[in-house]
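Student: Here is a sequence with its predicted model. Questions after.
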Amino acid sequence: MRARTKEDLLSLVGQLDHIMKALRLTVEEAEAKEREFSTVIPTPFELRGLGSLLHDFYTAVEDVFEAIAGDVNGSLPQGTTWHKELLVKMSIPIPGLRPAVISEELRWKLDEYLRFRHVFRNVYGYLLDWKRIQPLLENLDSVYQQFTREVAAFRSFLMRLAGELD
């Protein structure tokens, strides 16, 4: 565990709070767009924008995971599948080190957004499919709410740990 001092733990909490604020702003924008396109099919150009919001959502989620893995776990996964490995590791408790950051249930939900982000980064924008984007947008708020609750619980763990270091 790299974060060994109270200051390290509180710094990590501050970093998580900062990322969660950015995530909230992204989700608010995506929710507004989801309402806007609830009765209208977006143009290919608009699909690119919607895809970018979904991309940003998972990128912020992964930023939370990277901060925790770097400070608490001590390292990030390596190799070509590191994104997937990081997501999985966050759903596994490490005895004597930390509880799971997220539940197994949330891991599977977030996996959909990870897979979409991979597609978004690796295909031409004109290939984006509204039938794939729409359910991700429709489910975004509930996934975000669950993520927020679970990260808040992990944040509480960090605060308790920091309190023990007084």
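Tutor: Nice, I can see it.

Student: thought His55 was touching Arg121?
Tutor: Yes. Look at His55 against Arg121 with CB atoms under 8 Å: they come within range, at 7.2 Å. For the C-beta atoms, the positions are set from N, CA and C on the backbone; glycine is no exception.

Student: Neighbour count for the two, which is higher?
Tutor: His55 (18 against 10; other CB atoms under 10 Å).

Student: For the more buried one, give me its contacts.
Tutor: 116-117, 120-121 (CB atoms under 8 Å, 6 or more residues apart in numbering).

Student: Equivalent analysis for Leu50, please.
Tutor: Per CB under 8 Å, 6+ apart, neighbours of Leu50: 30, 33, 37, 42, 133, 137.

Student: Confirm that it sits in a helix.
Tutor: Yes. Counting by DSSP: H, G, I helix; E, B strand; the rest coil, Leu50 falls inside a helix.

Student: in terms of contact, does Gln146 touch Leu106 like I think?
Tutor: Yes. Applying CB under 8 Å, one finds Gln146 in contact with Leu106, separated by 5.3 Å.

Student: What is the lowest-mean-pLDDT helix or strand in the chain packed up against?
Tutor: Within the chain, no helix or strand scores below helix 82-90, which has a mean of 93 by mean pLDDT, DSSP states H and E. Contacts defined by 3 or more CB pairs under 8 Å, 6 or more residues apart in numbering; DSSP states H and E place helix 82-90 against helix 44-68, helix 104-122.

Student: average pLDDT across the shortest one?
Tutor: Along helix 104-122, the predicted confidence averages to a pLDDT of 95.

Student: Spatially central residue for the chain, please.
Tutor: Val61 (1.5 Å; CA atoms, centre = their mean).

Student: How about the contacts made by Leu53?
Tutor: 26, 29-30, 33, 137.

Student: do that again at 10 Å, thanks
Tutor: 26-27, 29-34, 133, 136-137, 140 (CB atoms under 10 Å, 6 or more residues apart in numbering).

Student: With that, I have no additional questions.
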